[in-house]
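Q: the sequence isn't on hand, but the structure is:
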C-alpha cells in the first residue's frame, strides 16, 4: 500500500462500496459538517483507493471525497491498493464501515451477504468482520423482508431492532410479514421478539399475543426478584442451545463494548451451566 496525492477528477466512488446510503445516520452530522471539520483540521484519514482504467476507485472514504470536493480542493492524499480483486474490495469497505452506527442496516446486510457468498462460511465472515455468527445471520436475514419493510429500516433500529426484524423475516413472509409488523411495531423490540417467538409462525395467534402484550404479559425481562430470567427458561425448554447462549454472551459484551476474552467466556458459560445443573 502506498500513499500519493490524486486529483479529485480522477477519483470515482466504487460501486462495490458497502455504504450506499450516505444520508443514513447523518441527520445531525452530514457532508457539510465533515467538510467544515476537514477545512479546520485537514484530511486526517486519507481514502483507500485502487487503480481503475486510468482513474482511481474509492473503496473507503466516499464521504471524505464529497467533503473535499465541496471545499473546492484539487487533489487529496489517498492510500492506493494495487492488489485487490472485487471480493477483497468489498471486504475492506465492509471492515472499515460495518461497525459504524450510522451505516444503514441494509448496507451492512448486503455487505455481509457478499462476504458469505464469497466464503460460504459464517465463521469466516465472523473472522473477517469481527462480528458474531448470530449477528451476521440476523443482518443477512433482513434481506428476506418484503421490500416495503426494508424501506422502513433506518439506523435507529440498532442491534435489538435488527434482531426482532430478523426473527420476523424468518417467521413470516410477504403480506403476512407486513401485517404482523404493523401490529407489533408499537412495542419495544424485546416484546416484538417475544410475540414472534410465541407465534411460531402461526399468524392466527398474533392478535391474541398482541392483546396479551398490551396487558403487560411479556414485560418480565429481568433476572432475580420475584421472576426468573427468560433466558434460563429458554435453556430449560431447549429453545436456546449452549452455542446460542455463548453467542448471546458475546453479543451482550460487544454491545457493552466489554473486553470478553475466550477465557472469560468459558468461565461465564461454565458457571452458568454448573449452576443450572445443581438446581
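A: Now that the structure is in, tell me what you want to look at. Keep in mind it's a predicted model, so treat the numbers as computed, not measured.
Q: which stretches of the stretch 101-250 of the chain form strands?
A: Taking DSSP state E, counting those that start in this stretch, the stretch 101-250 of the chain contains no strands at all.
Q: so where's it shaky on pLDDT?
A: Low-confidence segments of the stretch 101-250 of the chain, defined by pLDDT under 70: 101-102, 155-161, 219-240, 242, 249-250.
Q: show me what residue 56 is bridged to.
A: residue 11, residue 51 (DSSP bridges).
Q: give the contact list for it.
A: Residue 56 sits next to 6, 10-12, 49-50, 78, 80 when contact means Cβ atoms under 8 Å, 6 or more residues apart in numbering. The way it works is simple: take the backbone N, C-alpha and C, and place the C-beta from them, glycine included.
Q: now residue 61
A: Taking Cβ under 8 Å, 6+ apart, we find residue 61 in contact with 45-48, 78.
Q: ok so, going back, just the contacts of residue 56 now: which is nearest residue 89?
A: Nearest to residue 89 among the contacts of residue 56: residue 50, at 6.6 Å, using Cβ to Cβ.
Q: now that closest one: how far from residue 144?
A: 32 Å (Cβ to Cβ, to the nearest Å).
Q: the more surrounded of these two?
A: A count of neighbours by other Cβ atoms under 10 Å puts residue 50 above the other of residue 50 and residue 144, at 22 against 15.
Q: I'd say that one and residue 79 touch.
A: No. With contact defined as Cβ atoms under 8 Å, residue 50 does not reach residue 79; the gap is 9.7 Å.
Q: which residues are in contact with each of the two?
A: Counting by Cβ under 8 Å, 6+ apart, nothing touches both residue 50 and residue 79.
Q: please parse this structure into its domains.
A: 2-97, 221-279 (automatic domain parsing).
Q: least reliable of those by average pLDDT, please.
A: When those are compared by mean pLDDT, domain 221-279 comes last with a mean of 62.
Q: picking up where we left off before, what's the ChimeraX line that selects buried ones from the contacts of residue 61?
A: Here is the ChimeraX command that selects the buried residues among these (16 or more other Cβ atoms under 10 Å):
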select :46,47,48,78
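Q: now render the contacts of residue 61 as a markdown table, adding distance to residue 93 and secondary structure.
A: Below are these laid out as a markdown table (distance: Cβ to Cβ, whole Å; DSSP: H, G, I helix; E, B strand; the rest coil):
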| residue | distance to residue 93 | secondary structure |
| --- | --- | --- |
| 45 | 14 | coil |
| 46 | 15 | coil |
| 47 | 11 | coil |
| 48 | 8 | strand |
| 78 | 14 | strand |
